[in-house]
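Peer 1: A structural model of the following input is requested.
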Amino acid sequence: MNKTFSYHVASTKSYAHRLKSKTATSDEVLIITSYDYFLEKKGLALLINRYKEIVLVPRSVDDDYLLNKTIRPLLEQYSKIHLVTNPQYDSRYHVIYELVVRNNKSIRITTVYDFCEKILKKVYVPDGLDEENPFLPSQLYFNQKVRFTKECIDTVISFLLLFFSLPLWAISALRIRQESPGPVFYQQERLGLHKSVFACIKFRSMVPDAEANGAMFSKKKDNRVFKYGALMRLTRIDELPQLLNIFRGEISLIGPRPERPVFTETFEEEIPYYNLRHGVKPGITGYAQVMYPYGAGVYDARHKLMYDLYYIKNWSLRLEMKIIIHTAIVVFTRKGR
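Peer 2: Here you go, the predicted structure:
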């Protein structure tokens, strides 16, 4: 990411960030007000290839500073402004628009909802439960045609994966027993369609008493993981037994990651619209898993939810195939968790 743009803090007082591009395809400058909650590294990497400069303005910046220290200097350098704002919770777009027009510059205004979905390819999820996304329905689910198509894909690809991966099942069973005495498989309670509970099956990659002190998120460098377990997690070999869950009808090949009930309770209390992901079957892999780096906790769960909701809301055969291809790249390049 540092190879494509330089990054510096425009003001230590306001923490308004300015990112200058060396490879932009547009002559516009992008200004995003109230950006605090929906942007992450991958999104910034995408935007820096489009715009000459990106100005990220947090909610804490006052109007005077925003206009005189941020917007006016930009108008001296650029003739085209693209402003992204949340019209429900930030009215400053009015004064920015007037200032730009008075200086005979061009401006286009995009809502944060459209910007996230059309440019960043994810759905805007507010930071707090008191904020809404008016473009999200009370329920999200796949229609009968989509469900039938996904079931056909699941059946064909799962049987192929099972057939060609059988040698890996035998090798993995042997290596697990050699490196960590105990069961080969590990079953864990997860939530499926409509929050139904099922036993998610995986090859065991951690020591048998990994959660002796209670449920916890796994980490990138987790000392509970034995050597071959780390390799399985890196290449996602540990996920292969979930093919049995697909044959049982509990999960799909592609979908939101099946979450544990104990963590889901916390996420639903703190993340708006988190319950919408339960309107479809979870998946062995998914859009959030290929688009967002491995992470744990509320912050990461919120960003993953944006991608999961985009997948459900904008499902297409092309998107399904894209996720399958990306997952294969992760497996063969060993860029898993």
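Peer 1: which residues does Tyr89 contact?
Peer 2: Ser34, Glu131 (C-beta atoms under 8 Å, 6 or more residues apart in numbering). Bear in mind the C-beta positions are built from the backbone N, C-alpha and C, glycine included.
Peer 1: Quick check on it: phi, psi?
Peer 2: Main-chain dihedrals, Tyr89, degrees, to the nearest 10: phi -130, psi 0.
Peer 1: swap in Cys200?
Peer 2: The phi/psi pair for Cys200 (degrees, to the nearest 10) reads phi -80, psi 130.
Peer 1: Not counting its neighbours along the chain, what's nearest Pro241?
Peer 2: Ile201 (4.2 Å; C-beta to C-beta, 6 or more residues apart in numbering).
Peer 1: Kindly report the same for Val184.
Peer 2: Distance criterion C-beta to C-beta, 6+ apart; nearest residue to Val184, sequence neighbours excluded, is Ala173 at 4.7 Å.
Peer 1: what's around the one you found, how many residues?
Peer 2: 13 (other C-beta atoms under 10 Å).
Peer 1: buried set for the helix or strand harbouring it?
Peer 2: Per DSSP states H and E, Ala173 falls inside helix 144-179. Neighbour counts over helix 144-179 (16 or more other C-beta atoms under 10 Å) mark Val146, Lys150, Ile153, Asp154, Ser158, Leu161, Trp169, Ser172, Arg175, Ile176 as buried.
Peer 1: what's near enough to touch the third one?
Peer 2: With contacts taken as C-beta under 8 Å, 6+ apart, Ile153 has the following neighbours: Leu253, Ile254, Glu320.
Peer 1: which ones are touching the second one?
Peer 2: Put plainly, it is Ile254. Ile254 neighbours (C-beta under 8 Å, 6+ apart): Lys150, Ile153, Gly283, Ile284, Thr285, Gly286, Tyr287, Tyr311, Glu320, Ile323, Ile324.
Peer 1: ok, the residue nearest to Val184 touching Gly182?
Peer 2: No. In this structure, Ala173 is not within contact of Gly182 by C-beta atoms under 8 Å, at 11.9 Å.
Peer 1: coming back round to it: in TSV: the contacts of Ile153, plus secondary structure and pLDDT.
Peer 2: Output for these, formatted as TSV (DSSP: H, G, I helix; E, B strand; the rest coil; pLDDT from 0 to 100):
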residue	secondary structure	pLDDT
Leu253	strand	97
Ile254	strand	97
Glu320	helix	97
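Peer 1: mind listing the helices for the stretch 201-337 of the chain?
Peer 2: 227-235, 242-247, 261-270, 287-291, 298-313, 317-333 (DSSP state H, counting those that start in this stretch).
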